[in-house]
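>>> after the sequence you'll find the predicted model.
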Amino acid sequence: MEHNIHDSDGSSSSSHQSLKSTAKWAASLENLLEDPEGVKRFREFLKKEFSEENVLFWLACEDFKKMQDKKQMQEKAKEIYMTFLSSKASSQVNVEGQSRLNEKILEEPHPLMFQKLQDQIFNLMKYDSYSRFLKSDLFLKHKRTEEEEEDSSDAQTAAKRASRIYNT
């Protein structure tokens, strides 16, 4: 059975998020990458910086880790390698030790085979593009929009409360 916690004004608190998404995104890169909307905005930003491949590689590695089927893993591992890691890759990511990932490994994939590289890219994003993203117009505009929406909904709530008082 599900219990909703009710605020003092009787509305269920699950209906409005306790933290605005931009506040969540600003709290950590992990939060940002867990939020599909956050990923979308971050990708828009990285596209402008010509480094979208970093987040695409990170997301591809996340998908890869969830795979169970060996055949699917082999295909995905090859795809990740060809897209991001091979010297001829179309969206090559800048990681150390990519040359050590030889194609033999791709035949015997395991869920964490890209983990070290994924961590490198995560740190690259975290200490580089992520901090710039938080200062970017794209992020700040989104944040302003959120704040404006909140202001207008606060005004409505206040009006509702006022009408409730007068209707007693």
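Alright, I've got the coordinates.

>>> so how far is K48 from the residue nearest the centre of the chain?
The centroid of the chain falls nearest to L33 when counting by C-alpha atoms, centre = their mean (1.8 Å). Noted for L33: a distance of 18 Å to K48, by C-beta to C-beta, to the nearest Å. For every residue, glycine as well, the C-beta is placed using N, CA and C.

>>> tell me the SS of L19?
coil (DSSP: H, G, I helix; E, B strand; the rest coil).

>>> could you check how far the lengthiest helix in the chain is from the centre of its chain?
Taking DSSP state H as the criterion, the chain has its longest helix at helix 137-166. Centre-to-centre, helix 137-166 and its host chain are 25 Å apart (C-alpha atoms, centre = their mean, to the nearest Å).

>>> packing partners for it?
Applying 3 or more C-beta pairs under 8 Å, 6 or more residues apart in numbering; DSSP states H and E, we find helix 137-166 packed against helix 21-27, helix 36-48.

>>> format these as TSV; extra columns: mean pLDDT and distance to S153.
Output for these, formatted as TSV (pLDDT from 0 to 100; distance: least, C-beta to C-beta, whole Å):
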stretch	mean pLDDT	distance to S153
helix 21-27	94	15
helix 36-48	96	18
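
>>> got those helices as a markdown table, with distance to H110 and mean neighbour count columns?
Shown next, in a markdown table, are those (distance: least, C-beta to C-beta, whole Å; neighbours: other C-beta atoms under 10 Å):
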| stretch | distance to H110 | mean neighbour count |
| --- | --- | --- |
| helix 21-27 | 32 | 17 |
| helix 36-48 | 25 | 16 |
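
>>> sorry, back to before: what's the closest non-adjacent residue to the residue nearest to the centre of the chain?
V39 (6.1 Å; C-beta to C-beta, 6 or more residues apart in numbering).

>>> same check, this time on F139
F133 (5.6 Å).

>>> send me the helix or strand where that neighbour lies as PDB with only the CA atoms.
F133 belongs to helix 130-135 when elements are defined using DSSP states H and E. Backbone C-alpha positions of helix 130-135 (Å, rounded to 0.1, in the frame of the first residue of the first chain) are rendered in PDB as follows:
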ATOM      1  CA  TYR A 130      30.600  20.100 -16.700                       C
ATOM      2  CA  SER A 131      31.900  23.200 -14.800                       C
ATOM      3  CA  ARG A 132      31.600  25.200 -18.100                       C
ATOM      4  CA  PHE A 133      28.100  23.800 -18.600                       C
ATOM      5  CA  LEU A 134      27.000  25.200 -15.300                       C
ATOM      6  CA  LYS A 135      28.200  28.700 -16.300                       C
END
